[in-house]
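# structure, please.
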Amino acid sequence: MPPAGLERRFEPVVASGKLEGNEERQREELELVLARAHAPYSRFRVAARMISRDGFFVDGCNVENASFGLSLCAERVAAFRALSRGMRAFRTLLIVSSGSDPVTPCGACRELLLRLAPDLEVVMFGAGETLRARVSHLLPS
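You can find the predicted model right below:
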């Protein structure tokens, strides 16, 4: 049973639902979310998918503001959307960007993710490579 308010159906551009398919399919779906990013200043789009331990997911994209400190990274948007839908136990975060190299979460996102799920697996997709790390390994010890 999904948490209250979590959509289970797939739409043309998936925003949330039950995790299905292999990792490549997940990547392809997440690449569609890049079109939703609001990045008029950097033109660098990022999309992220938070996956709960029971297999539900929520997507997010970066939202820029002229005042840089008010911008939100895709990872935090996905995390906040998941939390606002009642999700609390997370297993994986997928990240894709408009660049060719894998993108790691920024320091603020790493700190938030570590507090939410210390064992969270972070999968960072690039054009020719995929990086994987536990969020706890992305911060200094």
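# C-alpha coordinates for stretch 41-56, PDB please?
C-alpha atoms of stretch 41-56 as PDB (Å, rounded to 0.1, in the frame of the first residue of the first chain):
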ATOM      1  CA  TYR A  41      21.100  30.700 -15.400                       C
ATOM      2  CA  SER A  42      23.400  27.700 -15.600                       C
ATOM      3  CA  ARG A  43      21.500  25.800 -18.300                       C
ATOM      4  CA  PHE A  44      22.600  22.700 -16.400                       C
ATOM      5  CA  ARG A  45      19.700  20.400 -15.800                       C
ATOM      6  CA  VAL A  46      19.600  17.700 -13.100                       C
ATOM      7  CA  ALA A  47      17.000  15.100 -12.200                       C
ATOM      8  CA  ALA A  48      16.900  12.800  -9.200                       C
ATOM      9  CA  ARG A  49      14.700   9.800  -8.100                       C
ATOM     10  CA  MET A  50      14.300   8.900  -4.500                       C
ATOM     11  CA  ILE A  51      13.400   5.200  -4.100                       C
ATOM     12  CA  SER A  52      11.800   4.000  -0.900                       C
ATOM     13  CA  ARG A  53      12.600   0.600   0.700                       C
ATOM     14  CA  ASP A  54       9.200  -0.700  -0.400                       C
ATOM     15  CA  GLY A  55       9.900   0.300  -4.000                       C
ATOM     16  CA  PHE A  56       8.000   3.500  -4.400                       C
END
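# roughly how far is that stretch from the heart of the chain?
Centroid separation for stretch 41-56 versus its chain: 2 Å, with Cα atoms, centre = their mean, to the nearest Å.
# give the contact list for the residue nearest in space to the middle of the chain.
Nearest residue to the geometric centre of the chain (Cα atoms, centre = their mean): Ala48, 2.1 Å. Neighbouring residues of Ala48 by Cβ atoms under 8 Å, 6 or more residues apart in numbering: 30, 59-61, 73-75, 77-78, 93-96. (C-beta placed from N, C-alpha, C; glycine too.)
# the strands in the protein, which residues?
16-18, 46-52, 56-61, 90-97, 121-125, 130-134 (DSSP state E).
# quick one: these as CSV, columns for distance to Arg25 too.
Formatted as CSV, those follow (distance: least, Cβ to Cβ, whole Å):
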stretch, distance to Arg25
strand 16-18, 13
strand 46-52, 12
strand 56-61, 12
strand 90-97, 11
strand 121-125, 12
strand 130-134, 14
